[in-house]
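J.: here are the coordinates; sequence isn't available:
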């Protein structure tokens with residue numbers, strides 16, 4: 001029956017579009033995480049490139065303490081924020097909708113890969129500076 005077949009196709013269209021909407025939400029999460037990380041990288045790059053004026057033992061100890069806090073911050077960001085970005089990116093890149101009526105995978109994989117590459121490059125630069 002043609003109407004039953006049409007209904008199957010329309011239901012597939014609905015399911016595919018729902019899947020696409022889910023991927024768009026994931027992409028927004030990925031973009032927001034990327035934006036926060038690149039801002040953090042920029043702030044920490046500025047910090048690491050700044051030479052503080054040290055003329056007392058107290059100032060030296062304070063700056064050493066600040067540097068140690070930065071290192072702990074970076075380690076925490078690596079294990080949480082960066083790994084979360086990578087997991088979301090991987091989820092987007094491997095998600096696939098496939099039926100006998102239609103197929104969909106994320107249509108801009110290069111954007112995901114570029115964001116992650118930028119963060120990796122920023123992380124490497126931070127490691128060089130510290």
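T.: Cool, the structure landed. Not measured: the values here are computed from a predicted model. Numbering: from 1, shown residues only.

J.: Just to check, residue 48 is in contact with residue 129?
T.: Yes: here residue 48 reaches residue 129: they are 3.9 Å apart, a contact under Cβ atoms under 8 Å. Using the backbone N, CA and C atoms, a C-beta is placed for each residue, glycine as well.

J.: More neighbours: those two, which one.
T.: Legend: neighbour count by other Cβ atoms under 10 Å for residue 48 and residue 129, higher for residue 48 (15 against 11).

J.: give the contact list for the more buried one.
T.: By Cβ atoms under 8 Å, 6 or more residues apart in numbering, the contact set of residue 48 is 70, 126, 129-130.

J.: Farthest-apart pair in those residues, please.
T.: 70 and 129 (10.3 Å; Cβ to Cβ).

J.: so where does the residue nearest in space to the middle of the chain fall, helix or strand?
T.: Nearest to the mean C-alpha position of the chain, by Cα atoms, centre = their mean, lies residue 85 at 3.0 Å. Using DSSP states H and E, residue 85 falls within helix 83-94.
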